[in-house]
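Student: Based on what follows, work out the 3D shape:
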Amino acid sequence: MFYWLLQRVLRRGFRSKRGILRLGDLADLARADASAWFLTQEKARLEYLAAKEEYESSRTWRAFQRTLEELLQLQSTNAVIQSLINEHTLERLVANSRRSDETGPEPAARRCA
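Tutor: Numbers count the residues shown, from 1 in each chain. Sure, this is the predicted structure:
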């Protein structure tokens, strides 16, 4: 739908050059720790900002295409990182739940009248 909107607005269209990300890169990212996730996000953000600055200075169609490609890459990177963070959080919650189940229920506090 986004490309359809560009075709309608610009009447010229936008040819997507979607890259195929090998599963190896995602698997490596999933095995990495949280700091690698944030560095990956920051790298994508900086690449988008560089493309945006290039477009603002030159105002060419090629710079606009690169800006859109970097924006799409940033959005997909953010989605992958967010899902990894959610998965990591769920794993920690499950581990904490199992630990608390193994120790047994805490004794009820005595109540005085």
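Student: pLDDT score assigned to the nearest residue to Thr77 once chain neighbours are set aside?
Tutor: Distances taken as CB to CB, 6 or more residues apart in numbering put Ala44 closest to Thr77, at 4.1 Å, once the chain neighbours are dropped. C-beta: built from backbone N, CA, C; applies to glycine. On pLDDT, Ala44 comes in at 95.
Student: was I right about Ala44 contacting Glu69?
Tutor: No - using CB atoms under 8 Å, Ala44 makes no contact with Glu69, being 11.4 Å away.
Student: longest single helix anywhere in this structure?
Tutor: Criterion DSSP state H: the longest helix present in the chain is helix 61-103.
Student: what's that one packed up against?
Tutor: Applying 3 or more CB pairs under 8 Å, 6 or more residues apart in numbering; DSSP states H and E, one finds that helix 61-103 makes contact with helix 23-31, helix 34-58.
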